[in-house]
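Peer 1: let me see the structure of the following:
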Amino acid sequence: MRSKFILPEEEIRALAEVHLHPPAVVPDGTDLSGEGLRPALFSQAMEERLVAFFENDLPEAWDRAEPVAIGSWGRGELCPRSDLDLLFVGDQDAAGQVTAAAQVRGIKIRSRVPEDPSDWTKGVEVFDVLSLLDARPLTERAKLRIEDRTLAFQKRLRPIRAQALSGIKKEKQQRALRYDSIEGFLEPNIKYGPGGLRDLQQAISIRRLYPEKFTDATHAAEVYSYFKKLFLLLRQRLHLAQGAGDLVSAYEQRPLSDWLGFEHPREFMRELQKGL
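Peer 2: Numbering: from 1, shown residues only. Modelled structure (predicted):
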């Protein structure tokens, strides 16, 4: 878990006051559309503040660096303590200026520059290749660049599908060993624990890698989407608590239950465990 907010704490809490709200109806899975679950509002507000900093303080370097958001940033799923992953596909010197300015501001970016400008998948681990499934350009120049590389990426993706599947399986087994305990059941980790956000995202990635094998999975996709929204909303709220991180601790279960509108924490945890 990141120990610091992705923006100064006072900014994060001010944004949360405006953009982070519980659903109007208690989430019990009745409406799988999840219209009342809107973590994207808070994520978008944080992203806009981040981008505004770079555009206002060093617009030329930001433009020349051609930033592409990947990871949770690329998916539009930022939480207050998320990792900030960027792929700089433009000028390397400009990318260094952006990274340095972020460090001065206290914004910790995890960034890389493609080893091969014509093929962003070369020289990276399989999980970095998978992250390109949700890569999202943050400037117009980056948008043009990513459109040029789409075909090359698609050609590279199919041959590595088996490797990606193997990597996902291995990483999942490692997490299962770490979190497979009664403590992990009573106080689940909303991101890394069994059935959490990491498992959901990997399942979604597998479906995108093998679309021909999931032609009749509409209901499953709706269920995954619903619980992903719920878990993201919970994670955003947890990140605002002191020291809670991604763990739905016994201490945090009642505040979360009350915030979502459940009559008793037991009902909240039943719904949470149902999703996990």
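Peer 1: now do the SS call for residue 22.
Peer 2: Secondary structure, DSSP: H, G, I helix; E, B strand; the rest coil: residue 22 is coil.
Peer 1: dump the residue contacts of it.
Peer 2: Applying CB atoms under 8 Å, 6 or more residues apart in numbering to residue 22 gives the contacts 233, 259, 260, 261. From N, CA and C alone the C-beta is placed, and that goes for glycine too.
Peer 1: just give me the closest of the residues you listed to residue 73.
Peer 2: Closest approach to residue 73 among the contacts of residue 22 (CB to CB): residue 233, at 17.5 Å.
Peer 1: against residue 72, how distant is residue 87?
Peer 2: Relative to residue 72, residue 87 is positioned 14 Å away (CB to CB, to the nearest Å).
Peer 1: who wins for neighbours among the contacts of residue 22?
Peer 2: For those, neighbours were counted using other CB atoms under 10 Å, and residue 233 has the most, 27 neighbours in all.
Peer 1: can you get me a residue count around the closest residue to that residue other than its chain neighbours?
Peer 2: Leaving aside its chain neighbours, residue 233 sits nearest to residue 39 (4.5 Å; criterion: CB to CB, 6 or more residues apart in numbering). By the measure other CB under 10 Å, the count of residues near residue 39 is 24.
Peer 1: these two touch, right, residue 39 and residue 236?
Peer 2: Yes. With contact defined as CB atoms under 8 Å, residue 39 reaches residue 236; the gap is 5.7 Å.
Peer 1: make sure residue 86 is indeed in a helix.
Peer 2: No. Counting by three-state DSSP, one finds residue 86 to be strand, located in no helix.
Peer 1: got the contact list for it?
Peer 2: Applying CB under 8 Å, 6+ apart, the residues contacting residue 86 are 67, 68, 69, 70, 73, 109, 110, 111.
Peer 1: are any of those residues buried, and which?
Peer 2: 67, 68, 69, 70, 73, 109, 111 (16 or more other CB atoms under 10 Å).
Peer 1: of residue 87 and residue 72, who's got more company?
Peer 2: Neighbour count, other CB under 10 Å: between residue 87 and residue 72, residue 87 has more, with 25 against 22.
Peer 1: nearest residue to that one in space, ignoring adjacent ones along the chain?
Peer 2: residue 68 (4.3 Å).
Peer 1: hang on, that neighbour in a strand?
Peer 2: Yes. Per three-state DSSP, residue 68 lies within a strand segment.
Peer 1: beta partners for it?
Peer 2: Beta-bridge pairing of residue 68 under DSSP bridges involves residue 87, residue 137.
Peer 1: next one: it from residue 135, what distance?
Peer 2: For residue 68 relative to residue 135 (CB to CB), the value is 5 Å.
Peer 1: hey, what's in contact with both of these two?
Peer 2: Common neighbours of residue 68 and residue 135 (CB under 8 Å, 6+ apart) are 74, 87, 146.
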